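**Student:** build me a structure from this.
(chains A, B and C, ligands or ions: 2)
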Amino acid sequence: MNALVKLSAFEAALAEALPEGDLRAELSARGLPHRRVEDWKWSDLRTALARFDPASPALTLTASRSPDRTAEPEHGERLMARLAGALGQGEVYELAPGERLSLDIRAEAGAGHKVIEVIVPDGAEAALHETYQAAPGALANIALVIRVGAGARLTRLIEQDASPDGVIVLTGELELAQGARAHQTTLGFGARLARLETRVRHAGGGAHLTLDGACHVGAGLHLDQTTIVRHEGPDGITRELFKSAAAPGGRAVFQGKIHVERPAQKTDAQMNHRALLLGEGAEIDAKPELEIYADDVVCAHGNALGALDAAALFYMRQRGLDDARARALLTESFLMEPLDAVADEAERERLKARLRASLGAVS
Amino acid sequence: MPAVKETIEDVRRLEADKYKYGFSTEIEQEFAPKGLNEDIVRFISEKKNEPEWMLEWRLDAFRRWLKMDEPNWAKVGYPPIDYQDAYYYAAPKDAARYKSLDEVPEEILETYKKLGIPLREAEVLLGVEGAEDVTAAEARERPRVAVDAVFDSVSVATTFKAELEKAGVIFMSISEALHAHPELVRQYLGSVVPVTDNFFATLNSAVFSDGSFVYVPPGVRCPMELSTYFRMNAQGTGQFERTLIIADKGAYVSYLEGCTAPMRDENQLHAAVVELVALDDAEIKYSTVQNWWPGDAEGKGGVYNFVTKRADCRGRNSKVSWTQVETGSAITWKYPSCVLRGDNSQGEFYSIAVTNGRQQADTGTKMIHLGRNTRSRIIAKGISAGRSDQTYRGLVSVHAKAAGARNFTQCDSLLIGDQCGAHTVPYIEAKTPHATLEHEATTSKLSEDQLFYARQRGLDEETAVALLVNGFCRDVLQELPMEFAVEAQALLKVSLEGSVG
Amino acid sequence: MLEIKNLHARVNPEEGADLAILKGVDLTVPAGEVHAVMGPNGCGKSTLSYVLAGHEGYETTDGAIRFEGEDIGELEPEERAARGLFLSFQYPVEIPGVPTLTFLKEAANAQRRARGEAEISAPDFMKLARENAAKLGISNDMLKRPVNVGFSGGEKKRMEIFQALMLAPRFLILDETDSGLDIDALKVVAEGVNALRNPERGMLVITHYQRLLDHLKPDVVHVMAGGRIVESGGPELAHKLEAEGYDKYAGEAA
Ligand SMILES: Nc1ncnc2c1ncn2[C@@H]1O[C@H](COP(=O)(O)OP(=O)(O)O)[C@@H](O)[C@H]1O
Ligand SMILES: [Mg+2]
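**Tutor:** Ligands and ions are numbered 1, 2, ... in the order given. Predicted coordinates:
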């Protein structure tokens, strides 16, 4: 077992707020995740929150409608999700076919926690649109449990607004039943620390999952996109495309894991991460992982980190674009790719405009 | 389908008798008392008649080791190791007194001969007994290989020393080097793998027994391949080899390492440390064929191989290339690494790992880019069969000052059968925009179509599998020195063979 | 119009080996003329075109490049482009994600701004694009694709000439624009280039083959070998080279 750690004032206050029990004991013994915890190697939550004050939390959730019920929050296995469950309220939304639910979450002060469960009934088609933001000194710790029923379809869009000096931890758990389809797109801009974690279970066979993400992490900001996809049933398909760009002083993290269990024969999983370092002091960290126990599978991952293609830059300058403009155009076209797959045209153009604005603000 | 299915069945039936190095040698040996404490450390040091500073170094390491925890991050599982239930020193009686090959007991010479490693130079020139189809004329054509033979805890013989000396190359056991070249050993020992680097390296620093020492002076191209052959023989004994290779400015050396052990029912611990230092414009090529006893099909016995290998590309334009063929050991925990410190230095890692039966391997590399325009290349091919588990674990880290750094990584895994596992865990970190890092990984099974095609052309199924596996590994096999490549291909076939043939 | 004097250049040491490639190139192309440069593989033709266009991978170690009387040796690539220097690349670069017309319009307007000219309006630009595409047999669908992505070698060359027509440069460098083209495509491209010929415009045509020169009818033919211009002559020189090869210049590589 890990040795006892000295808790920060933030951790101590958090532990204080918890009822007696395992979770409290665990938090008191180990503190929050930090860089020596394998999954949090590049996202030191403990340090990021050390000087925060969890008292008098203000977390607002603006939803397109009221929840179907409040509920005893579901406790996931992850520490942050369990904390969200223990300290926050639970809400359940059962989506009607064709429904488009939007959830806008803003942490204004203190440490805010929430657990949300979203159910897409068998055969239904629905969309979920989430927006996250944290004010300076505020933590938003949100756990989402999303169940996509047999043959159902979900389009999920996550927008994470730039939140300098705020901290955002989002733990999303998706469960895909037999033949379900889910397409998730993330557009993120970073925070003092932002962790957008997506855990997906191909619980039934034959599900089709697409995880796309584009992020532009500004100076002094951090964004961690972590995905863990577990194929439990056969014939599942997973496609991941993540593109990140880190401005000078910005840090983008990608951790992706594809886990194929023995019964998940004929799994076809591909994960791609490409990242650009836009200047001195930028940092990119990546850990694309495969854990495979079934033999009749096709699994692959690719990861490429670097700067803009020098040959393309020269070509563009030969045609008369100046260096800055050529870079901006190339960066933009690089990052846009995951957004191209957003089916709704108006939505797609709005997201692209956001990304373009963010890039323009930097150059 | 049937072809693959049969192959899988065959592979499952893998039996211990495929391991042809499983014999043990009957010879009188002397041991340190069982267990590990400061007195044992002193005992080892005294046996080797070491200078005082060396003993202090060992004791310091031992005291630090006592405070360390065994690492548990690798994807391998084994019952707790009782470090007190092993011998830390075993040597053929009187080994310390062998002055020349003539004094080495016949049993030991025979052992090496049986392993295909003749120690008498005349025999080396004539070729190896057992390599039947090699004519004397062909044998003379073959490149010569100088051998340092390490038997349990001591080096029993080193061949071609005189000829190497003429070229200025120092090649001897590290115990001997401590006396002959103390200044070199003291300068470089622990300079690449610090005493406290990790649990197993620290343990090795305290109790290391023997291994090879190589120094190639400035501008010298070593006139022949150097190699060390490690043999674990004594029962219940750990082997803690320590190898140190220094290529001075503009020097070149190619070094081969081979290892085998008898079949034993209990697990044996092998915790080695290998340090390489390449100065300006120097190049070291380090090849390993690791074939320690893997344990039987049910996972009984086998060597626990916990190895720390690291190269320091200290000089400008220096280059180190690691090539490994890993077929043995019950557990492999091994990450040959390069610290690319010098500007324009290069690191390479080529690996084939085969696991079968109940073997577990967690192996890969680290490429640490510190200098400008440093380059690294990683090609790792993993083949999992039986009920084995294999993990590629690697780190590519580019520091802020390493402008112009480049890495290319390709990791491919092949699964044979549905009871094994293949995993890839790369860590990639970049802190400068002037770097390019590419990583690709795939996992798949043997292609039915290719297998059918090969069989349609008349190959039997086992040969067809071997052929395809060889093709899968080609990028790595071609990096091996000629001599080794042939052996490695044969080994691949044997490692994957069922009881057919 | 373009004067190259004693030009020496090497591969920038940052990029790799320290390698001298151009070893004293002398070449003058007056306005209105078309000059051809021929020479064996690896003699430095593409390097010359890159150095003229200001590629950072090469370092000029001696000599000068003057364009319309101005020393342009220190200018950025886009500044040279704005002055009217257009390079048709031997290997046009693919730029995924950037649509061809978006790119060209940006480029045209950046050049115009740099020259203090009014920008071209979107409708005018589109009209021009359609006209020029028609001349070169380029389909609407090809124009919609990202720059050079998914084109065959020959199609890429055609797109390079299309870009030249769109940007109307003062001076063209064509680096093996004919390679990879079939006979019909070669004719189309040559017609495109010929349409650009006028008394104010100069051209430097790098090629291995007589075929393109038959269409373009150069005023002067230069032979390059070992990083220098080793012989110059009239169009008949090209025929001689076609017949005899470059053997007699083999010793020139110094
Ligand atoms: N970036 C570079 N790095 C190393 N060598 C180069 C580079 N660019 C050009 N060269 C070498 O310079 C010589 C001239 O190349 P190039 O100008 O492309 O020849 P050409 O176009 O006449 O065939 C060739 O030998 C080529 O290999
Ligand atoms: Mg060329």
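
**Student:** C-alpha from now on. contacts and neighbour counts both.
**Tutor:** Will do.

**Student:** and the nearest residue to B:Leu101 once chain neighbours are set aside, what helix or strand is that in?
**Tutor:** Closest residue to B:Leu101 apart from its sequence neighbours, by CA to CA, 6 or more residues apart in numbering or on different chains: B:Ala157 at 6.4 Å. Assigned by DSSP states H and E, B:Ala157 belongs to strand B:154-158.

**Student:** A:Leu335 now?
**Tutor:** Using DSSP H and E, the element containing A:Leu335 is helix A:323-340.

**Student:** which parts of that helix are buried?
**Tutor:** Neighbour-count burial for helix A:323-340 flags A:323, A:325-340 (criterion: 16 or more other CA atoms under 10 Å in any protein chain shown).

**Student:** quick one: contacts for the residue nearest to B:Leu101?
**Tutor:** B:100-101, B:104, B:119, B:147-150 (CA atoms under 8 Å, 6 or more residues apart in numbering or on different chains).

**Student:** need the three-state assignment for whatever residue of chain A ends up closest to chain C.
**Tutor:** Nearest residue of chain A to chain C (CA to the nearest CA) works out as A:Gly320 at 4.2 Å. Three-state call for A:Gly320 (DSSP: H, G, I helix; E, B strand; the rest coil): coil.

**Student:** nearest spatial neighbour of it, skipping sequence neighbours?
**Tutor:** Nearest non-adjacent residue to A:Gly320 (CA to CA, 6+ apart): C:Glu78, at 4.2 Å.

**Student:** looks like the one you found contacts A:Ala326 (just checking).
**Tutor:** No. C:Glu78 lies out of contact with A:Ala326 (CA atoms under 8 Å); the separation is 10.1 Å.

**Student:** assign the residue of the stretch 251-400 of chain B at minimum distance from chain C to helix, strand or coil.
**Tutor:** Across the stretch 251-400 of chain B, the shortest distance to chain C (CA to the nearest CA) belongs to B:Asn373, at 8.3 Å. Three-state assignment for B:Asn373 (three-state DSSP): coil.

**Student:** count of neighbours near it?
**Tutor:** Other residues within reach of B:Asn373, judged by other CA atoms under 10 Å in any protein chain shown, total 24.

**Student:** who's in contact with the residue nearest to it when sequence neighbours are not counted?
**Tutor:** Nearest non-adjacent residue to B:Asn373, counting by CA to CA, 6+ apart: B:Gly404, 4.2 Å away. By CA under 8 Å, 6+ apart, the residues touching B:Gly404 are B:372-374, B:434-436.

**Student:** where is pLDDT lowest across these?
**Tutor:** Within those, pLDDT reaches its minimum at B:His434, with 92.

**Student:** mind listing what the residue of the stretch 151-300 of chain B found nearest chain A touches?
**Tutor:** The minimum distance from the stretch 151-300 of chain B to chain A, using CA to the nearest CA, falls at B:Asn198 (15.6 Å). Not one residue lies near B:Asn198 by CA under 8 Å, 6+ apart.

**Student:** pLDDT score assigned to the residue in the stretch 101-250 of chain C that chain B sits nearest to?
**Tutor:** In the stretch 101-250 of chain C, the residue that lies nearest chain B is C:Val149 (21.3 Å; CA to the nearest CA). Listed pLDDT for C:Val149 reads 88.

**Student:** am I right that it is in a strand?
**Tutor:** No. Read with three-state DSSP, C:Val149 is coil and lies in no strand.

**Student:** how many neighbours does it have?
**Tutor:** For C:Val149, the count of nearby residues is 18 (other CA under 10 Å).

**Student:** how close does the residue in the stretch 1-150 of chain A that chain B sits nearest to get to ligand 1?
**Tutor:** Using CA to the nearest CA, A:Glu38 is the residue of the stretch 1-150 of chain A that sits closest to chain B, at 8.6 Å. Taking CA to the nearest ligand atom, to the nearest Å as the measure, A:Glu38 falls 42 Å from ligand 1.

**Student:** at which residues are the helices of the chain located?
**Tutor:** Going with chain A. Using DSSP state H, the helices of chain A run over A:9-17, A:22-30, A:45-49, A:79-87, A:310-318, A:323-340, A:345-362.

**Student:** look at chain C instead
**Tutor:** Under DSSP H, chain C gives helices at C:45-53, C:77-82, C:100-114, C:122-136, C:140-144, C:153-167, C:183-196, C:210-216, C:235-244.

**Student:** most tightly packed of the ones you listed?
**Tutor:** Counting by mean count of other CA atoms under 10 Å in any protein chain shown, helix C:77-82 has the highest mean neighbour count of these, with a mean of 26.

**Student:** OK, contacts around the residue of chain A found nearest ligand 1?
**Tutor:** Per CA to the nearest ligand atom, A:Ala311 is where chain A lies closest to ligand 1, at 11.2 Å. A:Ala311 is in contact with C:Val93, counting by CA under 8 Å, 6+ apart.

**Student:** check what pLDDT residue 331 gets.
**Tutor:** All of this is about chain A. 93.

**Student:** wait, chain B
**Tutor:** 90.

**Student:** partner strands of the least confident helix or strand in chain C by mean pLDDT, with direction?
**Tutor:** Lowest by mean pLDDT, DSSP states H and E among the helices and strands of chain C is strand C:95-99, with a mean of 80. Pairing partners of strand C:95-99, with direction, according to DSSP bridges: strand C:146-147 (antiparallel).

**Student:** residue of the stretch 51-200 of chain C nearest chain B, please.
**Tutor:** Counting by CA to the nearest CA, the stretch 51-200 of chain C gets nearest chain B through C:Gly57, at 13.2 Å.

**Student:** that residue against C:Ala9, yeah?
**Tutor:** No. C:Gly57 lies out of contact with C:Ala9 (CA under 8 Å); the separation is 10.2 Å.
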